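Trainee: Here is the input, now give the coordinates:
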Amino acid sequence: MFNPLRASFRQQFLMGFLACTGLMAYALYSQYVLGYEPCPLCTFQRVAMIALGLVFLAGALHGPSGRTGRSVWGLLAVLVALVGAGIAGRHVWMQSLPPDQVPACGPPLEFLTETLPLVQVIRKVLTGSGQCAEIDWTLLGLSMPAWVLIAFLGLAAWAALAAFRRR
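Mentor: Model prediction:
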C-alpha cells in the first residue's frame with residue numbers, strides 16, 4: 001500500500017503541487033460558482049498559493065537525488081509557504097478586529113495596480129481595507145483565510161518533511 005510519508009522527494013513534491021492545485025481550484029469555484037468575490041488580501045494569498053504550487057512542481061520535475069538539492073527546494077517551498085501564511089495571518093487578524101477598528105474600504109485592486117507603483121500597491125493591500133474584514137464563508141467556525149493559513153502551514157511542514165527527512 002502507498003505510504004505518502006515514505007514516498008520519494010519527487011512524489012512528495014508532486015503531492016504538494018496537487019494540493020496547491022486543489023486549493024486554487026476551490027478558490028476559483030468559490031468565486032465563479034458560489035459568487036464570493038476575493039478581496040485584495042485573498043488575491044495576494046492566491047498569488048502565494050500559485051507560487052508555492054510552481055515551486056512544488058519545479059522541485060518535482062527536477063527531482064534532485066542529493067541532500068543539497070532537496071534542501072534548496074525544501075527551503076524555497078517553506079519560504080514561499082511562510083510568506084503566504086503571513087498574508088493569510090494578516091487577513092485572519094483583520095477579520096478578528098472589533099468593528100470600530102476595521103479600516104475603511106479602499107479602492108479595488110484593479111484601480112490600485114493601474115494608479116500606483118507595485119511597492120505602494122503591496123503596502124496598501126497589506127494595510128488592509130474594510131472589505132478584507134468581512135467574513136462571508138465559514139467551515140467548522142473558521143473563515144476561508146483561517147483555512148488558507150492552516151493550509152500554508154501544513155504545506156510548509158510537508159515541504160520540510162520531503163526535503164529534510166532521512167532517506
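Trainee: mind listing what's buried in the host helix or strand of C42?
Mentor: Using DSSP states H and E, C42 sits in helix 40-62. Buried residues in helix 40-62, defined by neighbour count with 16 or more other Cβ atoms under 10 Å: 40-42, 44-46, 48-53, 55-57, 59-60. C-beta here means a position set from N, CA and C on the backbone, and glycine is covered the same way.
Trainee: swap in stretch 16-32?
Mentor: G16, F17, A19, C20, L23, A27, S30.
Trainee: Please report how far the fifth one lies from A88.
Mentor: Right, L23. 11 Å (Cβ to Cβ, to the nearest Å).
Trainee: Find residues that contact each of the two.
Mentor: Common neighbours of L23 and A88, using Cβ atoms under 8 Å, 6 or more residues apart in numbering, are V148.
Trainee: residues in contact with the closest residue to W158 other than its chain neighbours?
Mentor: With Cβ to Cβ, 6 or more residues apart in numbering as the criterion, W158 has its nearest non-adjacent residue at 5.5 Å, and that residue is G16. For G16, the contact set (Cβ under 8 Å, 6+ apart) comprises L52, G53, F56, A60, A77, L155, W158, A159, A162.
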